[in-house]
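> what's the 3D shape of this:
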Amino acid sequence: MNKGMRRCMAALMGVLLPAAAVWAGGYPDQPIRLVVPFGAGGVTDTTARVFAEGLTRELGQPVVVENRGGAGGSIAAGAVAKSPADGYTLLVITNGMIAVNPLIYKKLPYDPNRDFTYVAMLANTPTVLAVGADSPYASLQEIIKAASVQADRIAFSTAGEGSDNYQVLELLQRATGVKMLHVPYKSGSESMTAVMSRNTDLTAISAVTAVGFVEAKQIRPFAVTSSRRLANLPDIPTVKEALGQDVEGGSLSGIAVPKGTPPDVVTRLNAAIAVVARSASVQDKIYSRGSEPVDGSQEAFERRVVAEQQKWSAILARAAN
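This next block holds a predicted model:
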């Protein structure tokens, strides 16, 4: 390269680098979509809306929630994976979408290891195993006993195979050796309606959304899928207390963006999420109602993705043998 060419390149870089810095520093300068992979009313949707409200304040642009349910979150994940990697389309992603869907669906419209950058975890929420208020079953032990007498006699409803309530009820079956009939719906609210109307016998509902149903006596809670009783539902025993079996699980939610999103945009989003997670609104509406705070760093999220994939690969491999 001759001296004249070098001077031209240097001049060009001098123009481009400040422009890139201005672009990065100006993010965001338009509304942001936050795609929720399930219908309205479930814990994933509730968590997303509380964080969206906080992120709107923190980022100075509207963060608009868009519900795209179906196929255990796969429809939403596939759509976001194909979106521009510019920071204006975010996905609420759950442990089921990361670790369960790739094992139970023959073909997915996304690859959790190739298509996303994991920004930050939002919350981990145990579930409550419950029946409708007028259910003939008086305890979790009775449900398991009935299921042990005849396969598929007990029907349970979920928001689909990739959802947190499916995972928990799958773990319950593995722990007790029974086989129940799975009835999937598009959302957690539809799943709840099914159990309250006795179209199904059992469901798992997040600890955050269970409180209102319990207080209104629309459901009867039998156990929580956590290692200890929850402060906001102290009278409900753990599954270990109810059955003598360890069944711990629930909904882990976080925010992901399409792979290729600029690192400075990811850093900006991660920092904003951390501020919102410490806010009074999130403390009151999420963490004080049964969800657990989580490490908000990118590194922690990436480690958790690997851990969830290893865990569910082992569980479903045992189930196949």
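
> Would you map the helices across the stretch 1-150 of the chain?
Ranges of helices within the stretch 1-150 of the chain are 3-25, 43-59, 74-81, 95, 101-104, 140-149, based on DSSP state H, counting those that start in this stretch.

> Give me the phi and psi for the spatially closest residue to residue 98 that is not a sequence neighbour.
Excluding the flanking residues, the one nearest residue 98 by C-beta to C-beta, 6 or more residues apart in numbering is residue 112, at 4.8 Å. Just so you know, the C-beta spots here come from the backbone N, C-alpha and C atoms, and that holds for glycine as well. Dihedral pair for residue 112: phi -60, psi -20, per degrees, to the nearest 10.

> Please look at residue 112 and residue 102 and confirm they touch.
Yes. Using C-beta atoms under 8 Å, residue 112 is in contact with residue 102, at 6.3 Å.

> Tell me the residues that contact both of these two, please.
residue 309 (C-beta atoms under 8 Å, 6 or more residues apart in numbering).

> Could you list the low-pLDDT ranges of the stretch 51-200 of the chain?
For the stretch 51-200 of the chain, the stretches with pLDDT under 70 are 162.

> hey, which strand is longest across the chain?
Longest strand in the chain, counting residues (DSSP state E): strand 116-132.

> got a pLDDT number for the closest residue to residue 60 other than its chain neighbours?
The shortest distance from residue 60 to any residue other than its chain neighbours is 7.4 Å, reached at residue 28 (C-beta to C-beta, 6+ apart). Here the pLDDT value assigned to residue 28 is 98.

> need the contact list for residue 28.
59, 60, 61, 87, 88.

> who wins for neighbours among these?
Within the contacts of residue 28, neighbour counts (other C-beta atoms under 10 Å) peak at residue 87, which reaches 22 neighbours.

> quick one: that one from residue 60, how far?
Separation of residue 87 from residue 60 (C-beta to C-beta, to the nearest Å): 14 Å.

> what does residue 33 give?
For residue 33, the distance to residue 60 - C-beta to C-beta - is 16 Å.

> same question, residue 272
Relative to residue 60, and taking C-beta to C-beta, residue 272 is found at 10 Å.

> got it, and residue 170?
Counting by C-beta to C-beta - residue 170 and residue 60 are separated by 42 Å.

> can you check residue 82 too?
Taken as C-beta to C-beta, the span from residue 82 to residue 60 is 27 Å.

> show me the contacts for the closest residue to residue 229 other than its chain neighbours.
Of all residues beyond its chain neighbours, the one nearest residue 229 is residue 238 (6.2 Å), with distances taken as C-beta to C-beta, 6+ apart. Residues in contact with residue 238 (C-beta under 8 Å, 6+ apart) are 223, 224, 225, 226, 227, 228, 229.

> Alpha carbons of stretch 97-105, as PDB, please.
These are the backbone C-alpha positions of stretch 97-105, laid out as PDB (Å, rounded to 0.1, in the frame of the first residue of the first chain):
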ATOM      1  CA  MET A  97     -36.700 -23.300  25.600                       C
ATOM      2  CA  ILE A  98     -33.000 -23.600  26.300                       C
ATOM      3  CA  ALA A  99     -32.800 -27.100  27.500                       C
ATOM      4  CA  VAL A 100     -36.000 -29.100  27.000                       C
ATOM      5  CA  ASN A 101     -37.300 -28.100  23.600                       C
ATOM      6  CA  PRO A 102     -34.200 -29.300  21.800                       C
ATOM      7  CA  LEU A 103     -34.700 -32.700  23.300                       C
ATOM      8  CA  ILE A 104     -38.400 -33.200  22.700                       C
ATOM      9  CA  TYR A 105     -39.000 -31.500  19.300                       C
END
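
> Buried ones in it, by neighbour count?
For stretch 97-105, a neighbour-count test (16 or more other C-beta atoms under 10 Å) marks 97, 98, 99, 100, 101, 102, 103 as buried.
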